[in-house]
Every structure is written in structure tokens, then in C-alpha cells.
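Asks: sharing a model that was predicted from the sequence below.
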Amino acid sequence: MFPGNFVGSSPDKVAVVRPATGESITYAKLDQLSTKLAHHLRDIGLGRGDNVAMVSTNDIRMLVTYWAALRSGMYITAINNHLTAEETNYILGDCGAVALLASAEAAESVSRSAEVDSVTHRIAWGGALPGFESYDQILDQASDAPLADQPRGQDMLYSSGTTGRPKGIKVPLQDGQVDEVPDPYTPVFSAIYGFDSNSVYLCPAPLYHAAPLRYCGMVNSLGGTVVLMDRFEPETALSLIDEYRVTHSQWVPTMFIRMLKLPEQVRSKYDVSSIEAAIHAAAPCPPDVKRAMIEWWGPVIGEYYASTEGAGATFIDSAGSLAHPGSVGKPLLGIVRICADDGSELPTGDIGTVYFERDELPFEYHNDSEKTRDAQHPDHPSWTTSGDVGYVDSDGYLYLTDRKSFVIISGGVNIYPQEAENVLIGHPDVFDVGIIGIPDPDLGEVAKACVQLEPGITGSDTLAEELISLVRSQLAHYKAPKTVDFVDSLPRTPTGKLVKRELKKRYA
């Protein structure tokens, strides 16, 4: 399915609404505009397998572009609009983008895009950009005649780059027309979470990330309505759930934490009873936070563990989370294998690298065979990992302890900072926290907690000792940070992932 399927049955139904600006687009208009843009891309020489890139703040025109590419057999790459011009150019060149569409708000990020040889066509919306054609003028002049051939395209997205250069995930294009061949995600997630034409989906996250873009695409392919936030703000999110009677939503744990920390009188103002599925992913959710959300919203909280690479996935519902606190669920895509550094499989309960076993290699990193090999098991090439560390319990539930690159080795003992981070985030004075290893002449490295406090709270030696004692009261003492630094902010991606390499640079 795709938006054009609903033009005959519900042409005036809203496909996407952007409350911050009051803009909306119907299915008839989404079909027409994406057809026009598809005609233009073909007229300027793009064809099946070519890449279209977009750099923008959240905007309805991103979904027009998405569908124009997907109904033309092209790859679509959404790029983080917060990247520098150099970082943007790296992705543009790596993915081989031929056409670049950008919002005027992303001017700095695309200011050097003319330096990328592959980019021969540049289009801007929301204002003029030097060297860019006008999106509005192009669509005014383009044909909206039905497209005779509409091969299904595919997204080609990049990892968030929390541990290095972003990596492009490119999968082969599927044969068949866009209205005949489903994308890889809709059949799975619509069945698990009950997405259909009646769904109203709140998107509080940036569309340049995999899950938000794919979920919006899924909702449009099923005939539902997307409520697109410009950016996440906790009370605004609650008000939109109430106003639009949102049925489905997707979050990251930091968003849950921000909403839970609103005063009770604020939280109780808004009716969230319309929510049928509140899905979260991207980062592990502290068990206490998950439990509090279930108590507030009911048994509608679902979690999945996956990655942009699509190597595999686990799922867990509210009942499972209460019975197995801290778990990310059981696998529904692939078989989970926990392995030691030498590749040998570990017994139940032992911590090791998390691999997903598939029948064949599910992805490759574009232009980087070495990184592809690094993600593969040394003896089983179809087993792949995204670098997470965890274990499986006797009931087959997976638990993540941390990313392999974040593990602190102190005096020969492995410390998984996520455990202590989950404790500290529950302290009423803590707004955000990240724990890293810093050099130590005796132990090699020791754990340091970098803590951002709630507004109005001042850091002190007494509070630092209180935080360390809190961790020691719940975990083995060696897992507690040795020291605490109070910081103004922590480097996180908009999907909630802590960029620890940036944090560690502060202590290099």
C-alpha cells in the first residue's frame, strides 16, 4: 500500500498535520504533490537506484519527498539537519546523492553542498538558498499526470554516529510496483501494534532518524493520520494526544522521563486514554520509568529493540516488562546469540556481545566492507551485531547491559555504566546523567558520573556523595561512580542516545 491507494476512498482525509504551523495535507494532495516531484526527478534524469537526499527540520514536505522517491524506485536519505556542512557533505558524497532537497532552516548544514560532485540538483523550501531551485516553483510547473511505472524505492539511512562516522545502510531494492510490494516494516509493526487506517500517530522525534521516518511512512501507507511535532516538548506532547485523540505514538526513554517529571497538576490536565500503543526504542528504558508510565497510561507501553541496520528485533509488551523488568523482550526477527570476544556462544545468564542470527547477511554498510565485517560474527557471517552487550535469561528474554564501546574496565573488572545511570536518573534532582571511564594510574580507568541537574538545583560535594551512596545502596559498590561532575548539558542525539565519545573528549 501507499498514499495513492486512498485517493479514491478518502481523498479529503488528513494524511499529515503539523500543529505548530497549522499546516496539513490530505491524501489527495500528498498523492498529487509526490507525483509532481516524482515527475520532476525523472525529468532531470534520475532513475531507479539513484539517491535523493533531504536535510530539513520536521516538515510535511519531507514526507512528500519521501513518497516521491519511494514511488520512483529511488533511495531516500534523510540527513540530520544539525550536522556541520562538512559532516553533511560526507553523507551526501558517501550515499551518492544526485538530488538534494533542503529547508531554508538547514542553510548552514547544506552551505557547502555544491562541493559534492554527485549532487547535480538542489531544491529548497521554506525560503531561498543560494544555488538552490525553488521547491514551490518546481511543483507549480511539474506534471501531475499518473505515473505509468512506479517501482518501489527504499530508504538508505545512516547510523547516528555515536561511536564514529555515520554508516550508511543500503539494502537491495525490491522488484515490483510501490502499491504491490510492501516496505519491510509495515507488515511487522502494523501486526504487532495494531496500526490501521484509523490510527492517529504522534511523531515527536526528528524525521531524519529511522524509526520516526519509517513509522510515518507506515501510517501513510495504511491510510492513518500523522501528527508531526516540530520538536518534543513534554506538555505539548500531552496536549496533542488529548486534542487529536492520538492512538499510537513512539518515544525514547528520555521523553518518558521528561513527561513523568512534570508536576502532577500538569499531567492530570490531559486525557491520554485514547492511546492504544505507546512504543519506545532507541535507548534502554530504566525499569522504574517503564513501570511509572504503565501506571499512568495503562498497559499500552510496548518496547522493541532493533537498529537502523534491521539485523533483527525483539519485542516486549507491558505485562512482559512488569514480569521481566529491564528486558527488551524476546526475538521476533532473527535468533539472539550471546557470544564471547572469541565468538564462542555463552550460556544463559552470561554477558556478551548480542548477535542476531539470520539466514543470510541482512545488510551491508555502504562503501565500507571493513565495517560490515566488524559487524559479523567471526565464524557465522549471517550473524550480525550493532555492538550491544547483554544476556538472555532462562525464559529467553534479552537484557542489554550497555554498548560494548561504553564498558569501563577498572582493575580488570567490567563495569556497565547503564546500570548506575538507571539508578541516578530516578533521583529527583537529576535531569540527565552519563557515566564514562576516565584514566586512572592504578586501575586503568574509573567511573565518573556527569550529571545535569534539574533547573534551580545547585551541585555540591554533599549532593555528589548522596548520588554515589544512592548507587551503592542498589548495586554492588564497584559499579558506583568514584566521582561526580555537575555539567550544564550532556551531548545527546534527538533520539535520546548519549554521544559518549563527545563526553569523553572533555576529559581526554
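Replies: Cool, the structure landed.
Asks: how about the helices in the stretch 251-400 of the chain?
Replies: With DSSP state H, counting those that start in this stretch as the criterion, the stretch 251-400 of the chain has helices at 253-260, 264-267, 287-297, 318-323, 369-375.
Asks: quick one, which of those is nearest to residue 97?
Replies: helix 369-375 (19.9 Å; C-beta to C-beta). Just so you know, the C-beta spots here come from the backbone N, C-alpha and C atoms, and that holds for glycine as well.
Asks: hmm, who's touching that closest one?
Replies: Outside helix 369-375, the residues that touch it by C-beta atoms under 8 Å, 6 or more residues apart in numbering are 167, 309, 311, 361, 363-365, 384-387.
Asks: circling back: just name the most buried of the helices of the stretch 251-400 of the chain.
Replies: Stretch with highest mean neighbour count among the helices of the stretch 251-400 of the chain: helix 253-260 (a mean of 21; mean count of other C-beta atoms under 10 Å).
Asks: next, the angle from that one to helix 287-297.
Replies: 50 degrees (axes from the mean of the first three to the mean of the last three C-alpha atoms, to 10 degrees).
Asks: what about helix 253-260, distance to the chain center?
Replies: Its chain's C-alpha centre and that of helix 253-260 lie 16 Å apart, by C-alpha atoms, centre = their mean, to the nearest Å.
Asks: other SSEs contacting that helix?
Replies: With contacts taken as 3 or more C-beta pairs under 8 Å, 6 or more residues apart in numbering; DSSP states H and E, helix 253-260 sits against helix 234-244, strand 277-280, helix 287-297.
Asks: buried residues in the longest helix along the chain?
Replies: When the chain is parsed with DSSP state H, its longest helix is helix 27-43. By 16 or more other C-beta atoms under 10 Å, the buried positions in helix 27-43 come out as 27-42.
Asks: and these, which two are furthest apart?
Replies: 27 and 42 (22.2 Å).
Asks: picking up where we left off before, out of the contacts of helix 369-375, who's nearest residue 436?
Replies: Out of those, the member with the shortest distance to residue 436 (by C-beta to C-beta) is residue 387, at 16.3 Å.
Asks: and for the closest one, the neighbour number?
Replies: 16 (other C-beta atoms under 10 Å).
Asks: one more: the one 3 residues further on?
Replies: Residues near residue 390, counting by other C-beta under 10 Å, number 21.
Asks: quick one: the helices in the stretch 1-150 of the chain, in order.
Replies: Secondary structure of the stretch 1-150 of the chain (DSSP H, counting those that start in this stretch): helices at 27-43, 60-70, 85-95, 135-141.
Asks: rank the ones you listed by pLDDT, which is bottom?
Replies: Sorting these by mean pLDDT places helix 85-95 lowest, at a mean of 93.
Asks: care to break this protein down by domain?
Replies: 3-181, 225-403, 408-505 (automatic domain parsing).
Asks: pipe those domains into a markdown table and attach distance to residue 218 per row.
Replies: What follows is the domains of the chain, written out as a markdown table (distance: least, C-beta to C-beta, whole Å):
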| stretch | distance to residue 218 |
| --- | --- |
| domain 3-181 | 11 |
| domain 225-403 | 10 |
| domain 408-505 | 17 |
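Asks: neighbouring contacts of the host helix or strand of residue 434?
Replies: Here residue 434 sits within strand 430-440, counting by DSSP states H and E. Contacts of strand 430-440 from elsewhere in the structure, counted by C-beta under 8 Å, 6+ apart, are 254, 406, 408-410, 415, 417, 420-421, 424-425, 445-455, 467, 481, 489-490, 492, 498, 500, 503-504, 507.
Asks: between it and helix 253-260, how many degrees?
Replies: Using the same axes, to 10 degrees, strand 430-440 lies at 140 degrees relative to helix 253-260.
Asks: how far off centre is strand 430-440?
Replies: Offset of strand 430-440 from its chain centre (C-alpha atoms, centre = their mean): 23 Å.
Asks: which elements pack onto the longest helix of the chain?
Replies: strand 14-18, helix 60-70, helix 135-141.
Asks: helices or strands next to the first one in the packing?
Replies: What that stands for is strand 14-18. strand 23-26, helix 27-43, helix 60-70, helix 210-222, strand 225-228.
Asks: mind putting the ones you listed in a markdown table, distance to residue 105 included?
Replies: Listed next are those as a markdown table, based on distance: least, C-beta to C-beta, whole Å:
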| stretch | distance to residue 105 |
| --- | --- |
| strand 23-26 | 15 |
| helix 27-43 | 20 |
| helix 60-70 | 12 |
| helix 210-222 | 17 |
| strand 225-228 | 15 |
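Asks: so what's the residue count around the closest residue to residue 274 other than its chain neighbours?
Replies: Spatial nearest neighbour of residue 274, excluding adjacent residues (C-beta to C-beta, 6 or more residues apart in numbering): residue 245 at 4.2 Å. Residue 245 sits with 14 neighbouring residues when counted by other C-beta under 10 Å.
Asks: circling back: can you turn the buried part of the contacts of helix 369-375 into a PyMOL selection?
Replies: Burial among those is assessed by 16+ other C-beta under 10 Å; the matching PyMOL selection reads:
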select buried, resi 167+309+311+363+364+365+384+385+386+387
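Asks: how far away is residue 174 from residue 30?
Replies: Residue 174 is 22 Å from residue 30, where distance means C-beta to C-beta, to the nearest Å.
Asks: typed the wrong thing, it's residue 371
Replies: 36 Å.
Asks: so where is the stretch 351-500 of the chain shaky, pLDDT-wise?
Replies: Within the stretch 351-500 of the chain, the stretches with pLDDT under 70 are 362, 402-405, 411-412, 494-496.
Asks: now do the strands in it.
Replies: 352-357, 364-365, 383-384, 388-392, 398-403, 408-410, 413-415, 430-440, 444-453, 483-486 (DSSP state E, counting those that start in this stretch).
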